[in-house]
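J.: structure, please.
(one chain, ligands or ions: 2)
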Amino acid sequence: MALPVTQNQQSHIISGKSPQYVDGALVPEVDKHGDNPVVIRLTDEERLSGKTKPETIQEILKYYHRDGFVVLENAIDEHLVDRLYNRMVQDNAVYIQKPQMRYNQGVDTGNISQIPPLTPEWLHRDFYANPHMIRVVENILGPRPELRFINSNVAVPGGTGRQAVHSDVHHAYPEIPFGLVMNIYLQDSDESNGITEVWCGTHNCAARKDQQASLERGWIKKSYLQERAKVKRPVQPKVKKGSICFRDLRLWHAGMPNKSDHHRIMLAIDYFAQWYQCPMKTKLPLSMKETIEREWEGISTEGVEWVDGDLDSLDLNFFLNMTQDPLLYLEQTDRGFEDWRARATGQYNFDTNKVTEENYWTPE
Ligand SMILES: O=C(O)CCC(=O)C(=O)O
Ligand SMILES: [Fe+2]
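T.: Ligands and ions are numbered 1, 2, ... in the order given. Below is the predicted model of the structure:
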């Protein structure tokens, strides 16, 4: 039965616009720009209410599945972002003095994994379990995704070298989405301050074993880089402060040198599907357990190790294991990055290879 005309008209007045349909599909009315990558902007109303419109979710999912990477702008209040940025710049001066600190892919990159402050006043839900972010993640990974990694990449000013193009996972992973990293930029970023180079669509463009330059790491073969760039170029996009970048863990990307005189800080927050049974744990203070389990809606804390007493993030060792095997973890130690090979041989060779032209795209 057709709706009474008055009811129909009323719904148009409330939404301000009539929904448009093409071939039975709703045409989403969202503010978006760009195609490599796509940037979708939340309305202020969505950000302030914490309610993501279904159309916004539809668009994010569409481009996430297509590209393995999509940017959601206007997701986090700028004041919160500035406050965390300033604190983490101060932390960086302390952290670079620590004996366990290591640059990712060598000192030239100026790229440091630095854990953000984990005391209660800094653990704001809008970063780690942002409602818009969780709504997207649960639609990609299934119910109650597991928070298992809280870290950041700081590109310090004065970096001169770039990273090799790589995928963060290089073990035998399932060929479906099983985990994501959410990168949150704490300042406006672009090529000038070393925004990450991303390769949209590479989350599922080639078999893992074929694309990897060596099976020990996620660096991509030169021939694959040259061929893929003909399909879609790698880019260093422009991303606004407070944006959330959703990245499939399989996506090719590379850290780039920061040529500005300010730190470039990008949070890295990983969620995994429950069925994947990732063994990695992320540390959070026990004093926040009740609050987090009540207020960080929609997530599972199965992957959290609750730590009693003071938790100084700068004294924690970088720890990573995105495989399904508990023994394959990687940890920063005073002797260097310790992977399973170092444990077996006593030789600390992880991440000591030099990046050369073989490891990034060169225009032909
Ligand atoms: O900091 C960045 O832009 C990316 C760093 C990165 O991909 C890594 O260290 O694995
Ligand atoms: Fe990476």
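J.: could I get stretch 303-323 in CSV with only the CA atoms?
T.: Once side chains and other backbone atoms are set aside, the C-alpha atoms of stretch 303-323 remain, and they are given as CSV (Å, rounded to 0.1, in the frame of the first residue of the first chain):
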residue,chain,number,x,y,z
GLY,A,303,43.2,-9.0,23.8
VAL,A,304,44.0,-6.6,26.7
GLU,A,305,46.5,-7.4,29.4
TRP,A,306,45.3,-5.4,32.5
VAL,A,307,48.3,-4.1,34.4
ASP,A,308,48.1,-3.4,38.1
GLY,A,309,49.8,-0.1,39.3
ASP,A,310,51.5,2.6,37.3
LEU,A,311,51.8,2.0,33.6
ASP,A,312,54.6,4.1,31.9
SER,A,313,54.1,3.6,28.2
LEU,A,314,57.7,4.7,27.6
ASP,A,315,59.1,1.8,29.6
LEU,A,316,57.2,-0.8,27.6
ASN,A,317,59.0,-2.8,24.9
PHE,A,318,57.5,-2.6,21.4
PHE,A,319,55.7,-6.0,21.0
LEU,A,320,54.1,-7.3,17.8
ASN,A,321,52.5,-10.6,16.8
MET,A,322,49.8,-10.4,14.1
THR,A,323,50.1,-14.1,13.3
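J.: give me the buried positions along it.
T.: Of the residues in stretch 303-323, those buried under the neighbour-count criterion (16 or more other CB atoms under 10 Å) are 303-304, 311, 313-314, 316, 318-323. Bear in mind the C-beta positions are built from the backbone N, C-alpha and C, glycine included.
J.: same check, this time on stretch 257-269
T.: For stretch 257-269, a neighbour-count test (16+ other CB under 10 Å) marks 257-258, 260, 263-269 as buried.
J.: ends of that stretch, what's the gap?
T.: The distance separating the two terminal residues of stretch 257-269, taken as CA to CA, to the nearest Å, comes to 22 Å.
J.: ok, residues contacting it?
T.: Taking CB atoms under 8 Å, 6 or more residues apart in numbering as the criterion, the residues outside stretch 257-269 that touch it are 85, 88-89, 92, 108-110, 113, 116, 127-128, 147, 149-162, 181-187, 189, 192-196.
J.: so what's the residue in the stretch 201-350 of the chain positioned nearest to ligand 1 scoring on pLDDT?
T.: Closest to ligand 1 within the stretch 201-350 of the chain is Gly255: 3.3 Å, counting by CB to the nearest ligand atom. Here the pLDDT value assigned to Gly255 is 97.
J.: who does the helix or strand containing Leu267 pair up with?
T.: Assignment of secondary structure by DSSP states H and E places Leu267 within strand 264-272. Based on DSSP bridges, the pairing partners of strand 264-272 within the sheet are strand 146-155 (antiparallel), strand 179-185 (antiparallel).
J.: ligand 1 contacts on this structure?
T.: Contact residues, the chain versus ligand 1 (CB under 6 Å from any ligand atom): 104, 111, 153, 155, 163, 168, 196, 253, 255, 266.
J.: tally of neighbours for the nearest residue to Ser167 once chain neighbours are set aside?
T.: Taking CB to CB, 6 or more residues apart in numbering as the measure, Ser167 lies nearest to Gly218, with 4.1 Å between them; neighbours along the chain are not counted. When counting by other CB atoms under 10 Å, one arrives at 22 neighbours for Gly218.
J.: likewise for Lys222?
T.: 17.
J.: how close does it sit to Gly161?
T.: Lys222 sits 17 Å away from Gly161 when distances are taken as CB to CB, to the nearest Å.
J.: residues contacting the nearest residue to Asp67 once chain neighbours are set aside?
T.: Counting by CB to CB, 6+ apart, Asp67 lies nearest to Cys200, which is 3.9 Å off, once chain neighbours are set aside. With contacts taken as CB under 8 Å, 6+ apart, Cys200 has the following neighbours: 36-37, 67-69, 232, 235, 251.
J.: same thing with Arg162?
T.: The neighbours of Arg162, taking CB under 8 Å, 6+ apart as the test, are 109, 197, 254-257, 355, 360.
J.: quick one: secondary structure of it?
T.: The local conformation at Arg162, judged by DSSP: H, G, I helix; E, B strand; the rest coil, is coil.
J.: now it: phi and psi?
T.: Dihedral angles phi and psi of Arg162 (degrees, to the nearest 10) take the values phi -100, psi 160.
J.: just the helices in the stretch 151-300 of the chain please.
T.: In the stretch 151-300 of the chain, helices defined by DSSP state H, counting those that start in this stretch lie at 208-211, 222-231, 289-295, listed in chain order.
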